[in-house]
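Novice: for reference, the sequence and a predicted model appear below.
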Amino acid sequence: MAPTTPTTEKEILAGLGEIIDEIAGVPADEVTPDKSFVDDLDIDSLSMVEIAVAAQDKFGVEIPDDKLKDLKTVQDVVNFVQHSSVSA
Amino acid sequence: MGADQTAVVVTGLGATSPLGGDVPGTWEGLLAGRSGVRGITEEWAANLPTRIAAFAAVDPATVMDRVQVRRLDRCEQLALVAAREAWASAGTPKTDPERIGVAVATGIGGVASTLKANEILQAQGWQRVSPYTVPMLMPNGAAGWISIEIGAQAGVHTTVSACASGAESIAYGIEMIRSGRADVVLAGGTEAAIIQLNIAAFAAMRALSTRNDEPTLASRPFDKGRDGFVLGEGAAMLVLESAGHAAQRGATVLATAAGFGFSADAYHIAQPAPDGRGAALAMTRALADAGVTPEQVVHVNAHATSTAAGDLAEAQAIRATFGAAADNVVVSATKSMTGHLLGAAGALESVAAILALRDGVAPPTINLDFPDEADIDIATGQRPLRPHGDAPMAALNNSFGFGGSNVALVFTAA
């Protein structure tokens, strides 16, 4: 599957919602920008690794381990993907 | 059971087996003499000498949350299904979490997940290997998931002894309660190892039946026509509880988990000692530990896998242990219907032994058309069980594992 490169925040958010629904069982409509992965969505560090790998496939953006630990909220990931896509 | 020992009772049962997705379905199948064995039609079995197995009647993935299905190996899924049933049937004890323990074993563990992860590694590289791979392949994964589910904090244990694993975990659970470490222990075994490698590996030992054209006739313990065991899968769980704690909360007592006996053959890594002396030693020790006389025992659920050496050694061991009293012991070999669940076998057969005591009926042994020379009374149809005297009826369950592990468990009627 060739990675798509979404540029809008809305597209990234929708894609992230699909990934998190699949991996962690959190309904996509609950994946809103202000949500914390650990505190609000009950996503553990193992699932965050899966989400990062899936995001790489979907968005064509690699999230290095040292960046992954700084991505606390859904908005953090959206910003990271958007920023990486633009600079790519 | 010594006078100073804490009495341990069984207050809950759970099972998911080739005969049914729960205890009632499994017990109904056993009493009806139904075989859970079928042909393996999948492509991966095409070139194997054995193309039959006893798959779980209900796919655990269809009765649990999809995220758990992603994260749990099939053996862990089966364990969780059986544990949920057992815990619910015990009335969901509201016990102090620090007084609840888990002892759940497997003989093989998450080998299917190991192989799948290796395929992904070779094809796609390490970054695509699931971060849940280790929890899926480790043998104590099922015990861990169950402890999280019921909040058990007294301890979480996995006793690994091949085909004796499930029985050993029940013995371990009894010991946890006797030693005062816990009031309630969820104990049992699980297995999900019907995969190409496993069949090839057991076939390499010439241990499996190759009666591919007649799957339901393939598992035939104690029958002259047997040609090996049939691989099965599933899980079974017991809720063990100190008698005092069960009485205090008004729990229904299904049976007393009266005692256990261990021994080691110290003979061969995969073959039983020919005279069954290790098995006899485990049975003798279990009776002594339970404070049960041979005359009190009405029923034995035999290990009897449908291999010539194992069946005969066990029959000799039963005769040696019980002597003349063996004439009044009804023996059932339920693997004739379920196949061999390896690390779950001892737990599933303990469930059967407990229900036999509860209902006063021994399940049949199917496919016993031409009995071998075993000098024991084997039930070929349902058989009534009655106390032999004033003492409560006792039933014994045998489990023997590669490595020379022998475990016997004794239950008495409630």
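Specialist: Received it, and whenever you're ready, just let me know what you need.

Novice: can you tell me which residues contact the closest residue to chain A within the stretch 101-250 of chain B?
Specialist: Using CB to the nearest CB, the closest approach of the stretch 101-250 of chain B to chain A is made by B:P131 at 4.0 Å. Using the backbone N, CA and C atoms, a C-beta is placed for each residue, glycine as well. Listed by CB atoms under 8 Å, 6 or more residues apart in numbering or on different chains, the contact partners of B:P131 are A:46-47, A:49-50.

Novice: which one of those residues is nearest B:A286?
Specialist: A:L46 (41.7 Å; CB to CB).

Novice: which element is that closest one on?
Specialist: A:L46 belongs to helix A:45-59 when assigned by DSSP states H and E.

Novice: separation between B:A193 and B:T114?
Specialist: 11 Å (CB to CB, to the nearest Å).

Novice: sorry, that was for B:D227
Specialist: 30 Å.

Novice: now do B:G189
Specialist: As judged by CB to CB, B:G189 and B:T114 stand 19 Å apart.

Novice: if we can go back for a sec, could you identify the helix or strand that succeeds the helix holding A:L46?
Specialist: helix A:65-68.

Novice: what about that following helix, average pLDDT?
Specialist: For helix A:65-68, mean pLDDT rounds to 92.

Novice: what does chain B have sitting close to chain A?
Specialist: Proximity of chain B to chain A is confined to B:65-67, B:70, B:127-128, B:130-132 under the rule CB under 8 Å from any CB of the partner chain.

Novice: my read: B:S263 touches B:G278, true?
Specialist: Yes. Using CB atoms under 8 Å, B:S263 is in contact with B:G278, at 4.9 Å.

Novice: okay, and the common contacts of those two?
Specialist: With CB under 8 Å, 6+ apart as the test, B:S263 and B:G278 both reach B:N406.

Novice: CA atoms of stretch B:379-393 as PDB?
Specialist: Written as PDB, here are the backbone C-alpha positions of stretch B:379-393 (Å, rounded to 0.1, in the frame of the first residue of the first chain):
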ATOM      1  CA  ALA B 379     -16.700 -47.200  31.200                       C
ATOM      2  CA  THR B 380     -17.800 -47.600  27.600                       C
ATOM      3  CA  GLY B 381     -21.200 -45.900  28.200                       C
ATOM      4  CA  GLN B 382     -22.400 -43.600  31.000                       C
ATOM      5  CA  ARG B 383     -22.000 -45.300  34.300                       C
ATOM      6  CA  PRO B 384     -23.700 -44.500  37.600                       C
ATOM      7  CA  LEU B 385     -21.400 -43.600  40.500                       C
ATOM      8  CA  ARG B 386     -22.500 -44.400  44.100                       C
ATOM      9  CA  PRO B 387     -20.600 -44.000  47.400                       C
ATOM     10  CA  HIS B 388     -18.900 -47.300  48.500                       C
ATOM     11  CA  GLY B 389     -19.600 -46.600  52.200                       C
ATOM     12  CA  ASP B 390     -20.300 -43.700  54.500                       C
ATOM     13  CA  ALA B 391     -17.400 -41.700  53.300                       C
ATOM     14  CA  PRO B 392     -18.000 -39.200  50.400                       C
ATOM     15  CA  MET B 393     -17.300 -40.400  46.900                       C
END
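
Novice: which parts of that stretch are buried?
Specialist: B:379-380, B:382-383, B:385, B:388, B:392-393 (16 or more other CB atoms under 10 Å in any protein chain shown).

Novice: in what helix or strand does B:T95 lie?
Specialist: Element membership of B:T95 [criterion: DSSP H and E] is none; it lies in no helix or strand.

Novice: contacting residues around it?
Specialist: B:T95 neighbours (CB under 8 Å, 6+ apart): B:183-184, B:245, B:249.

Novice: ditto for B:N398
Specialist: So B:N398 contacts B:167, B:279, B:282-283, B:300-303, B:314, B:406-408 (CB under 8 Å, 6+ apart).

Novice: so where's chain B shaky on pLDDT?
Specialist: B:1-4 (pLDDT under 70).

Novice: which stretches in chain A count as helices?
Specialist: A:9-24, A:45-59, A:65-68, A:74-87 (DSSP state H).

Novice: for the last one, give me every contacting residue.
Specialist: This means helix A:74-87. A:5-7, A:9, A:12-13, A:16, A:31-35, A:37, A:55, A:59-63, A:67, A:70-71.

Novice: do the same with the third one
Specialist: Identification of contacts with helix A:65-68 by CB under 8 Å, 6+ apart yields A:48-49, A:52, A:80.

Novice: so what are the structural domains in chain B, by residue number?
Specialist: B:9-248, B:257-413 (automatic domain parsing).

Novice: any chance of those in TSV with distance to A:D21 as columns?
Specialist: Conversion of the domains of chain B to TSV gives the following (distance: least, CB to CB, whole Å):
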stretch	distance to A:D21
domain B:9-248	9
domain B:257-413	33
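
Novice: not counting sequence-adjacent ones, nearest residue to the residue of chain A found nearest chain B?
Specialist: Per CB to the nearest CB, A:G25 is where chain A lies closest to chain B, at 3.5 Å. Closest residue in space to A:G25, ignoring its immediate chain neighbours: B:V67 at 3.5 Å, by CB to CB, 6 or more residues apart in numbering or on different chains.

Novice: wait, B:V69 sits on B:L78?
Specialist: No. Between B:V69 and B:L78 there is no contact under CB under 8 Å: 11.6 Å.

Novice: overlap in contacts of those two?
Specialist: B:P60.

Novice: the more surrounded of the two?
Specialist: B:L78 (33 against 16; other CB atoms under 10 Å in any protein chain shown).

Novice: quick check, that one in a helix?
Specialist: Yes. Membership of B:L78 in a helix is supported by DSSP: H, G, I helix; E, B strand; the rest coil.

Novice: ok, residues contacting stretch B:116-127?
Specialist: By CB under 8 Å, 6+ apart, stretch B:116-127 touches A:53, B:128-130, B:133, B:136-137.

Novice: which parts of it are buried?
Specialist: Across stretch B:116-127, burial judged by 16+ other CB under 10 Å covers B:116-117, B:120.

Novice: with stretch B:32-45 instead?
Specialist: Counting neighbours by 16+ other CB under 10 Å, the buried set in stretch B:32-45 is B:33-38, B:40, B:45.

Novice: for stretch B:332-343, how far is the first residue from the last?
Specialist: One end of stretch B:332-343 sits 19 Å from the other (CA to CA, to the nearest Å).

Novice: pLDDT weak spots in chain A?
Specialist: A:1-6, A:85-88.

Novice: and B:N397, which of the three is it?
Specialist: Relying on three-state DSSP, one would call B:N397 strand.

Novice: and what of the one 10 residues further on?
Specialist: What three-state DSSP gives for B:V407 is strand.

Novice: next, find the distance separating it from chain A.
Specialist: B:V407 sits at a distance of 35 Å from chain A (criterion: CB to the nearest CB, to the nearest Å).

Novice: that residue and B:V81: what is the separation?
Specialist: Counting by CB to CB, the gap from B:V407 to B:V81 is 24 Å.
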